[in-house]
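In: Turn this into a structure:
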Amino acid sequence: MVDMETAQPPEILGLLSDPLRWQLIAELGRSDRRVGELVELVGKPQNVVSYHLAELRHAGI
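Out: Here you go, the predicted structure:
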């Protein structure tokens, strides 16, 4: 049995808990998008969007 007091959440839960990453996943679930389109949709700078996309890609999401 897992000790819930000392157990660490899976890394994927941490990645998905970020509101911007969740918004990016939702947008990509609707349609394939270019980074420029995502930048306009989420209202964040290109470097921020690219960083979060790289984190998701690195995790295999």
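In: Only C-alpha atoms from now on, for both contacts and neighbour counts.
Out: Fine.
In: Could you check how far Leu41 is from Arg57?
Out: Leu41 is 19 Å from Arg57, where distance means CA to CA, to the nearest Å.
In: Check the chain and tell me which residue is nearest its centre.
Out: Nearest to the mean C-alpha position of the chain, by CA atoms, centre = their mean, lies Arg21 at 2.7 Å.
In: can you pull the contacts of Leu24?
Out: Contacts for Leu24 (CA atoms under 8 Å, 6 or more residues apart in numbering) come out as Leu38, Val42, Leu53.
In: can you map out the helices along the protein?
Out: In the chain, the segments counted as helices under DSSP state H are 11-16, 19-30, 35-42, 46-58.
In: distance between the second one and the chain's centre?
Out: The chain centroid and the centroid of helix 19-30 are separated by 7 Å under CA atoms, centre = their mean, to the nearest Å.
In: okay, the angle between that helix and helix 46-58?
Out: Per axes from the mean of the first three to the mean of the last three CA atoms, to 10 degrees, the angle that helix 19-30 makes with helix 46-58 is 70 degrees.
In: Using a markdown table, please lay out the contacts of Leu24 together with distance to Arg30 and pLDDT.
Out: Output for those, formatted as a markdown table (distance: CA to CA, whole Å; pLDDT from 0 to 100):
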| residue | distance to Arg30 | pLDDT |
| --- | --- | --- |
| Leu38 | 12 | 98 |
| Val42 | 14 | 97 |
| Leu53 | 16 | 97 |
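In: Can you say which of these are buried?
Out: Neighbour counting over the contacts of Leu24 (16 or more other CA atoms under 10 Å) leaves Leu38, Leu53 as the buried ones.
In: list the buried ones in stretch 15-28?
Out: Neighbour count says stretch 15-28 has Leu15, Leu20, Arg21, Leu24, Glu27 buried, by 16+ other CA under 10 Å.
In: mind giving me JSON lines with these and columns for distance to Pro9 and pLDDT?
Out: Below are the buried residues of stretch 15-28 laid out as JSON lines (distance: CA to CA, whole Å; pLDDT from 0 to 100):
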{"residue": "Leu15", "distance to Pro9": "11", "pLDDT": "84"}
{"residue": "Leu20", "distance to Pro9": "20", "pLDDT": "97"}
{"residue": "Arg21", "distance to Pro9": "17", "pLDDT": "96"}
{"residue": "Leu24", "distance to Pro9": "22", "pLDDT": "97"}
{"residue": "Glu27", "distance to Pro9": "25", "pLDDT": "96"}
